[in-house]
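S.K.: Based on what follows, work out the 3D shape:
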Amino acid sequence: QLYWFTVEFGLCKQNGLIKAYGAGLLSSYGELMYALSNKPEYKPFDPEVTAVHPYQDQAFQPVYFIAENFEDAKVKLQNYAMKIKKPFALCYDPFTNSIEIMNTPQKVKKALCQMKEELKNLCLALENLS
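M.R.: I've put the predicted structure just below:
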């Protein structure tokens, strides 16, 4: 449901106006016009509520969730995701553009060593700027 009401049918405010960012809305002129009309019900975006709200895949959505802005939606989703209990941790590798599953001590140690090197480089850069 979170995917459905954000990535596909997400709405947020921008400069006081409701804007669409969901791909499902942006690719469907009819639903986009409906979503921005006064016909559907609007609720504030709250991942706890949105995650259990049923969605409609055969007709226009009767309810849309609106974030205060795009950053608000992103932060709320990240905070919600951090609360989900999972038996592993993930680490993003910007060099390979991939996500590593941290499920062994060796992988965690490797990630920590990489972070240590990055921090050292950042500290050197900061010293050079001073």
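
S.K.: Report the separation between the closest residue to Trp4 other than its chain neighbours and Val7.
M.R.: Using C-beta to C-beta, 6 or more residues apart in numbering and skipping residues adjacent in sequence, the residue nearest Trp4 is Tyr55, 4.5 Å away. (C-beta placed from N, C-alpha, C; glycine too.) Distance, Tyr55 to Val7, by C-beta to C-beta, to the nearest Å: 12 Å.

S.K.: same check, this time on Leu77
M.R.: 10 Å.

S.K.: From the contact counts, what lies against the longest helix anywhere in the chain?
M.R.: The residue-count maximum for a helix in the chain (DSSP state H) belongs to helix 105-129. For helix 105-129, the packing partners by 3 or more C-beta pairs under 8 Å, 6 or more residues apart in numbering; DSSP states H and E come out as strand 89-93, strand 98-102.

S.K.: domain assignment for the chain?
M.R.: In the assignment given by the TED database, the structural domains of the chain cover 3-83, 89-129.
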